[in-house]
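> based on what follows, work out the 3D shape:
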Amino acid sequence: MSQSTRLRLRLVCLAAIAGLALTAQVRASEPSDISQSEVLALQKAGTTPRFVDVRTPEEFAAGHVPGAVNIPRDQLPQHFSELKASSEPIVVYCERGPRAQAALATLQDAGVGKVQHLSGDMAGWRAAGLPIEK
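Down below sits the predicted model:
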């Protein structure tokens, strides 16, 4: 391999690393969590987020945030175009957080617009005594 080829390869690698670092920095600067009180304030101001419950259909049927739609985490890719077209902010949640965090990353990587994770998830919503739909 010639010296100029090695130099080009190094430059390509450095550009790729810089791109990944910039993407991570942009994602880290975006607020990814939204609190229950922030959600309630949005609703009071007339903005109703689109709640996406990424739990199983059985968990969803046992009780969910009013107005939420159930899209289990492993089925999100089938709904990317629908979610990208949403004009409302999207709020994802699960029972305690891990599935919702994974869903948040999946949706952000797919280019879905404003998507946030509900702090406390369903367990926190329930514990706060907020309305639950069955």
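> can you give the domain ranges for this structure?
What automatic domain parsing lists as the domains of the chain is 1-30, 31-127.
> winner for burial among these?
domain 31-127 (a mean of 17; mean count of other Cβ atoms under 10 Å). C-betas here are computed from N, CA, C, even on glycine.
> just give me how far that domain sits from the chain centre.
Relative to its parent chain, domain 31-127 has a centroid offset of 7 Å by Cα atoms, centre = their mean, to the nearest Å.
> for it, the averaged confidence score.
Domain 31-127 carries an average pLDDT of 96.
> E82 in helix, strand or coil?
Here E82 is recorded as helix under DSSP: H, G, I helix; E, B strand; the rest coil.
> return the residues in contact with the residue nearest in space to the middle of the chain.
With distances taken as Cα atoms, centre = their mean, the residue of the chain nearest its centroid is L104 (2.3 Å). Listed by Cβ atoms under 8 Å, 6 or more residues apart in numbering, the contact set of L104 reads S32, V92, V115, Q116, H117.
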